[in-house]
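In: with the input below, show me the fold.
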Amino acid sequence: MELSLFLSRTGELMGEFGRLYEQQYAVALFNKMRFDLEGGGGPQNQLLHRKVPLKNKSIFSGALFQYLEENKKWRNRFLFIPDSYNINYYENKQAHDRGLHPKGTINCAGYRVLTSMEEYLELLNTSLPGVKAKVGSSSFLKCATQFPLILWHPYARHYYFYVVTEKEQQKWSAVFQDCVRHTNNGLSEECKVQTPAFTDAVRLYRQAHGHYGTWDMMCGTPPQILANLVMETLLPEMRDLITPKLKGKMHERQRNWMLISDAVYGLVQSQTQAQYEAVVQSCEAGRPPLETTIRTDMDQIITSKEHVTSKIRALVLPKAEKLLKVSIQPYISSILDALMEPTSRGFFEVKDLFFRELVDMSKNLLNDGNKEKLGEHMDKISMLAFHPVKMQSCYEKVETLSLEGLQQRFDVSSPSVFVQRAQILMREQMDDAVYTFEQLLHKSLEGQEQEDLSKTIQGCQDRVIKKFDYDSSTVRKKFFREALLQIFIPYMLKQLSPSCSELPSFQELIFEDFSRFILVENIFEEVVLHTVMKDIMLAVKEAAVQRRHNLYRDSIVLTDSDPNLLLLGENPPIDWAEEYGGGQEEVDGENTGDPEVQKRRRVKQVVSMIQIEGNASVLPNESSLEVPAVDDIPEEGTEVRSDTSLSQKSEKQVSNGTKEDVKKNAVDDKPPTNRSVLKEEESTTERSLQVKHLLPSFVVITELTA
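Out: Down below sits the predicted model:
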C-alpha cells in the first residue's frame, strides 16, 4: 500500500508539472528568440572568464573515519573529490589508485554540513514529532573524538565522519561546504530554454499549492528538485502512516525512519528522473515547428502580447501600486542595507585575498626570482578560487546576512538562498580575476628579462584590481536587484491573486495560433514585476550615487577599454608548472604501469592534506571502532602522489572523556606528497543568477533595461 501511495503521489506531481513545463517551454523559447533578435545587454565585463575552470584537476582527497550503517562500525575510508564535487569514498587509497569503483558516491545537493552532535540531534528531533533525543543518548552513533563531520539531509540518508584534530575538522568542513555549494547550483545557465521553463514550472506548481516564498530545496539537478517537491508533500503523509509502526528504542526509531525516508527518496528520484527526461524529450522533439512559427509571426505575437498586457495592466496596476506603497516601499531600503553590508564585505575580502596572494608571491620571488619558482607559485594561484579553505574567509563574511524580522512578513524561509548565491558569485569573480591576471602576466613574460619580473607582476596586478572593482560593482548591483525581486514578487503575487479572479477571461483576447507563446498568468506576473522594479532600481541607483560599499554609478560604463584583452581570453589554458619547468620531477618507477592509474596519481589537486591511512588498533569496549592517527599536516600540495610513510600516534581521546592506551603501529601508507610546501595562509581578514529560480524567467529580459 505504501509503495503504491509513493508512486501515485509522484505520478500526480509529474503529471501537473509536465503540463506546466510544456506551457512554459514555448514561452521560454519565444523569449529566447526575441532576445536573440532584439539583442541588448548590461555593462560589458572587464575581466576574462575561464571556460573550463577545473580541467584536469580534482578538489581534494584524504582519509578520515566513516560510520557504516550496514554493520554499525567506523571504518577508515579514503575520500576523493573530483571536479564534479561529488564525494567518492573508497576502501583505501590503493583502491582509488588502482582505478577500482568507489564504495559509494555522495551527491551533496540539499545537504547541510554539521560539526557537532548537538546540531545534528536538534535537526534529527524535528524529523519525528514526539521522538526526542538528548546528546549522548544516541547509542547508534558514538564518535571517538570531539570532531565529527555530519552530512544531514531532510529526506536522504545521513553520512557520518570524524577526524582527530580541530584543524582537520575545519578543513574538511570547508571542503564539504564547497561540495554542497557547488552541487546546489545544479541548473545549467547555458540552457536558455530548458532552465527558465523548468524554474517557472516549479514556481507555478508551488504557487498553485499555496507556496509563494523562497524554497531552500530548490537545489541540485531537475530530477533532484522534483524529488524534493514530491517529498515536501509526501513526508507528512509518510509520518502519519509509518511512525506508529516503528518499534524499538528512541534512537532506533529515528535511525529506521531516516533509512525509510532515504529509500523512498531514492525511489521517488528514479521516477522523477525518467519522467522528467520524457517530458524534456517530448518538448525538444516539438521545438522545430515552434521555432518556425515564432520566426514567421514574431511581430504579430509581440503586438498581440502588448495588447493583452495593456488590458491586464489596467486591471492590476491600481491594486499593485496601492500594495507597493503600503507594504513594500517602507522596507526596500532596510532590506537592501541588510543585503549590501555582508555581501560587499565578502567581495572586498575576495579582492584582499587575491592581493595578498600576489604580494606573497612577489616577496618569495625577490629571494629566488627565477621563472621556475614563478611557475610553481602561479600553478597554485591559478586554482585559488576553488580552494575552499583559503576562500573560507570570504564566504564567512556573507554568512552573517540576516533578514530577521522580515522573513515571516515576506515568506522568506531563510537567507541561505541568497548566501549561497553570493558565495558562488564571489568564487566566479575570484576566478575571473585570477584568469585575467594569468593571461596578462603570461603575455607580458614573452621575451621578458628576468630582472623585470617583480615590476611586471605589479603592473598586471594593478590592471586586474581596477577591472575587478568595476565588475564587482556590476555583479553586486545585479544581485541586489534580483534578490529584492525574489523577496517582494512572491509576496505581491500572493496578495494580489485573490483580487484578480477575472484574469483567465483575458485569454480570449489572444489569437489561438499565438496562445502557446502568450500566457495570461505570465503577463500578470510581468505587470507586477514592472510595478516594483522601478523602486528597486531607484534604491540601488541611490546607493551607487552615494558610493556606498564602493558601488559604481550606472553612468560609469567601461566599454572596450582593453580591446586586446578579449583576444587573450581565446588562448588555451596555461600550464604554469609545465611551461616554466616547475613541475615535479618523476619518481623512479612512476612512469611504469597502467597509464590511467598514473594519470589518476598525477592529477593536480586544489587542496591537499596528508591523512594517515592504515590499520588502527581497536579500543577496548568498542570492538569495531577504529582509531585514526595524525602527523604534521602540510597545508599546500598540487599533485596526488604515493610515496610517503608516516606513523600513527599512540593515544586517542574517546567520546566519553576517557583515554585508552593504543599500540603504536607503523603505517606503510602512501598519502599525498607536496611538490613544494608554502606556508599556510590563515585568512582572517550577464550570467543568470541562481537566486532567480523562483522568479519568472522574463526577469532576464527585464535586466536589459537595467
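In: beta partners of Phe65?
Out: Asn76, Tyr162 (DSSP bridges).
In: from Gln146, how far out is it?
Out: From Phe65 across to Gln146, the span is 13 Å (CB to CB, to the nearest Å). Every residue, glycine included, has its C-beta placed from N, CA and C.
In: more neighbours: those two, which one.
Out: Ranked by neighbour count (other CB atoms under 10 Å), Phe65 and Gln146 place Phe65 first, with 23 against 17.
In: who's in contact with that one?
Out: 74-77, 144, 161-163, 626, 628 (CB atoms under 8 Å, 6 or more residues apart in numbering).
In: surely Arg112 meets His158?
Out: No - Arg112 lies out of contact with His158 (CB atoms under 8 Å); the separation is 9.9 Å.
In: give me the common contacts of those two.
Out: 151-152.
In: looking at it, Gln23 is touching Val520, isn't it?
Out: No - using CB under 8 Å as the test, Gln23 is too far from Val520 to be in contact (11.1 Å).
In: burial count for Ser58?
Out: Neighbours of Ser58 (other CB under 10 Å): 19.
In: Lys494 too?
Out: The local packing of Lys494 (other CB under 10 Å) involves 16 other residues.
In: burial of Gln94, as a residue count?
Out: Using other CB under 10 Å, Gln94 has 14 other residues around it.
In: buried residues, stretch 158-167. List them.
Out: 158-164 (16 or more other CB atoms under 10 Å).
In: do stretch 362-376 as well
Out: Buried-residue list, stretch 362-376, by 16+ other CB under 10 Å: 362, 364-365, 371, 373-376.
In: and stretch 335-343, how far from the chain's centre?
Out: Counting by CA atoms, centre = their mean, to the nearest Å, stretch 335-343 is centred 20 Å from the centre of its parent chain.
In: using CSV, write out every CA atom in it.
Out: Below are the C-alpha coordinates for stretch 335-343, written out as CSV (Å, rounded to 0.1, in the frame of the first residue of the first chain):
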residue,chain,number,x,y,z
ILE,A,335,16.4,45.0,3.2
LEU,A,336,18.8,46.5,0.7
ASP,A,337,21.1,47.5,3.5
ALA,A,338,20.9,44.0,5.0
LEU,A,339,21.9,42.5,1.7
MET,A,340,24.6,45.1,0.9
GLU,A,341,26.7,45.1,4.0
PRO,A,342,27.7,41.4,4.3
THR,A,343,27.8,40.8,0.6
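In: show residues contacting that stretch.
Out: Under CB under 8 Å, 6+ apart, the answer for stretch 335-343 is 397-403, 406, 418, 422, 476, 479-480, 483-484, 487, 539-540, 543, 548-549.
In: try it again with 6 Å
Out: 397-398, 400-401, 403, 422, 480, 483, 539, 549 (CB atoms under 6 Å, 6 or more residues apart in numbering).
In: same question for stretch 147-158.
Out: In contact with stretch 147-158 (CB under 6 Å, 6+ apart) are residues 110-112, 114, 120, 123, 159-163, 169, 172, 231, 261-262, 265.
In: avg pLDDT for it?
Out: In this model, stretch 147-158 has an average pLDDT of 95.
In: so how far is stretch 336-348 from its chain's centroid?
Out: 19 Å.
In: oh, I was asking about stretch 489-503
Out: The answer for stretch 489-503 is 32 Å, by CA atoms, centre = their mean.
In: quick check: end-to-end length of that stretch?
Out: 18 Å (CA to CA, to the nearest Å).
In: got it, and stretch 104-123?
Out: So stretch 104-123: terminal residues 24 Å apart, CA to CA.
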